[in-house]
Structure formats: structure tokens, C-alpha cells
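[1] can you look at this prediction? I've put the sequence above it.
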Amino acid sequence: MALLAIGRRSRALSGFERMLRCWPADPYALASRAHVQVQLNRFDEAIVGLQQLCRLTGPVPQQAVSCFNLGYVLQLAGRHDEAGPAFQQALALDARMDRAWYGLALVLIEQRQFPEALKALQQNTALQPMSPHGWYRLAQVRLALGQPDEARKVIAHLRRFEPRVAAQLERETGLGQPARMSNASVAGDAAY
């Protein structure tokens, strides 16, 4: 790992390869090698190692993380049809893995399965209520489903803790805040 810290990825990769020749099913070495391969944009090689890692038995939290990592790398490689099942496997092992819900939602959005993406994003935002990423995508999915009023509610919620992200969404979607009448104009109107 020291080699990674100083940016020597190729040498670190060689070290993990040597470890795997001695211990071919070592979870640490498999995960670390895949991590370096992703950094080197060698996604297909990383995917093979992560698939092997997902087949290993071990502590459930570790298996869930391995399946999530596989889904994530499959998604990076543009292999969305394969990423979805990996995220689902991670969620079957740990239904509280908010990142897997988010990854699954992105896959479903890519596949234009918006009702399913909505459910996944609702799970993600329930588990990670202060992260703007899930809320941002939730507003987009609400629009894709033809629910602009629901999207506005999401933007209003997001504005409470991430006003910049809410403003970005308003610009991108055209769903700006409805014009509000000030108390003075309401009082002035009443006088007439």
C-alpha cells in the first residue's frame, strides 16, 4: 500500500500479483489489485478479479462491499446490464447500503426504468438524507415520470441543506420557485 501512497501503481499491481500467486483467493489482495486496476483504467481486468472476490465466502459486510464494488466498476465500464444484478446482490446482503441503492438507481435510470429508479432513490435518500446526490437524481426521475410538482418538492427540500444544488436543478429543469407575492403587495391588493 505504501507504493500506492507515493503513486507507484504499476509496482503496487506487481506486488498484488505476487501475493495472489501465493494466495490466489486472498480477499485483500484481490480487492487491492482491482482497486489499482481501476486506477489504471483496466476495468475488464478489475471486473474479473471482483467477480472472483464476490464468489468467495466471508463475512457478509465484506461480501456486500465486494458486490457493490463490482457493480460500481461495471457501471464505470458502461456495462449497466451487468451492474444492476451486482448492486442487487449487494443489497440482498445488506439492504442498508445506501451507495448500492444509488448505484442501482443510476443503472435503472440508464435503462429508462423510472418507476424502479424512483423506489431505489427513495431508499437511498431515506438512508442518506443529507447527501444531495440522491435528491438530485430523485428530482430528475420525478420529471421523467411527468411529476413536476413532486420534483419541485424535492428541490424545495434540497434547498434547505444544499441551496447551490437546488439552484442548479432549477436552472437545468426550468422548475424555478413560483413567484411569491410579498406581504406588501397582498396588503396593497386588498386595499383596492
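    Sure, I can see it. The model shown is predicted, which means the values in this text are computed figures rather than measured ones. Numbering: from 1, shown residues only.
[2] which of the residues in the longest helix along the chain are buried?
    Secondary structure assigned by DSSP state H gives helix 60-76 as the longest helix of the chain. Neighbour counts over helix 60-76 (16 or more other Cβ atoms under 10 Å) mark 63-75 as buried. Quick note: C-beta positions are derived from backbone N, CA and C, even for glycine.
[3] want to throw the residues you listed into a markdown table with pLDDT?
    Putting these into a markdown table (pLDDT from 0 to 100) gives the following:
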| residue | pLDDT |
| --- | --- |
| Gln63 | 93 |
| Ala64 | 96 |
| Val65 | 95 |
| Ser66 | 95 |
| Cys67 | 97 |
| Phe68 | 98 |
| Asn69 | 97 |
| Leu70 | 98 |
| Gly71 | 98 |
| Tyr72 | 98 |
| Val73 | 98 |
| Leu74 | 98 |
| Gln75 | 96 |
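[4] redo those as TSV? Include distance to His35.
    Shown next, in TSV, are the buried residues of helix 60-76 (distance: Cβ to Cβ, whole Å):
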residue	distance to His35
Gln63	17
Ala64	17
Val65	12
Ser66	12
Cys67	15
Phe68	13
Asn69	8
Leu70	12
Gly71	15
Tyr72	11
Val73	10
Leu74	15
Gln75	16
